[in-house]
Each structure stands twice: as C-alpha cells, then as structure tokens.
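1. only geometry, no sequence info:
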C-alpha cells in the first residue's frame with residue numbers, strides 16, 4: 001500500500017508542476033510578446049467536441065489569421081468577439097490572449113486535482129497507519 005501512496009503523491013506533485021508551468025509560460029509570453037492589439041474571432045473550427053477559435057489581427061499593417069492551438073468545450077469565444085492579444089514582435093504569427101481563458105481554466109482544474117490527490121492520499125495514509 002505504501003507504493004500506491006507514494007505514487008499518488010507523485011501524481012499530485014506532477015499535476016501541480018504542470019499547472020505552474022502553464023501559468024509561468026503564459027506570464028513569460030506576456031512579458032516578451034510586447035505588441036498589443038485587438039483580434040477578432042473570425043471562425044470557430046470544430047474538432048470532435050472541441051472548438052478552436054480563429055483569430056484575425058493586424059501587425060504593423062500586415063493582416064494575420066491564426067487558429068488557436070487550444071480548443072475548449074464549451075467554446076471560450078464566439079464568432080465576432082473582439083479580444084486583446086499580445087504579439088511576438090520577433091515572430092508575428094505567435095500571440096497570446098491577454099484574458100487567458102483556456103489557460104486559467106486548465107490551471108484551475110489541474111490545481112484542484114492536485115489538491116484532491118494530496119488530501120485524499122494524506123487521509124488514506126493516516127488511516128492506514130492507524131490500522132497497521
């Protein structure tokens with residue numbers, strides 16, 4: 001049983017590390033992607049049950065159109081919605097949404113899962129230590 005407890009603690013730690021990595025990655029992009037502009041959601045591409053927004057924006061007079069790599073269910077955006085983004089001046093095809101809806105949702109879910117794994121594992125370890 002102690003191997004399972006250790007395994008569940010490892011899962012809790014991994015979930016926490018993944019959530020923190022996603023959060024830090026977004027924060028780093030917000031620092032380095034310095035060109036702020038608005039993007040319009042021009043389309044929503046469906047892949048299975050997930051919707052991927054297609055953003056259109058202007059960068060120094062150049063029209064850009066990029067499909068998000070992050071899909072959500074239900075859709076986080078709707079066609080015609082205008083959002084603020086930050087564009088990487090070194091590679092204008094790279095951008096980050098300033099509202100970070102999908103990232104916040106993913107991090108929140110992962111943090112909650114990590115806490116649940118940690119709490120349940122701790123209670124289980126305490127219960128088994130009293131039995132043994």
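-> Here it is on my side, so go on. Since we're looking at a predicted model, the values are computed, not measured. Residues are numbered from 1 along each chain as shown.
2. residue 66: what's it in contact with?
-> Residues near residue 66 by CB atoms under 8 Å, 6 or more residues apart in numbering: 54-55, 93, 95. Where C-beta positions appear, they are placed from N, C-alpha and C, glycine not excepted.
3. nearest to residue 87, of these?
-> residue 95 (4.9 Å; CB to CB).
4. right, and that closest one touches residue 87 too?
-> Yes - if you go by CB atoms under 8 Å, residue 95 and residue 87 touch, sitting 4.9 Å apart.
5. so what strands line up beside the helix or strand harbouring residue 96?
-> In the assignment (DSSP states H and E), residue 96 maps to strand 95-97. Partners of strand 95-97 in the sheet, by DSSP bridges, are strand 82-87 (antiparallel).
6. what sits up against the strand it pairs with?
-> 29-30, 33-41, 55, 57, 59, 64, 77, 94-99.
7. out of those residues, list just those in helices.
-> With DSSP state H as the criterion, helices contain 29-30 from among the contacts of strand 82-87.
8. select only the buried ones of the contacts of strand 82-87 in ChimeraX?
-> With 16 or more other CB atoms under 10 Å as the criterion, this ChimeraX line picks the buried residues out of the contacts of strand 82-87:
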select :29,33,39,40,41,55,57,59,64,77,95,96,97
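9. for residue 62, which residues are in contact?
-> Applying CB under 8 Å, 6+ apart, the residues contacting residue 62 are residue 92.
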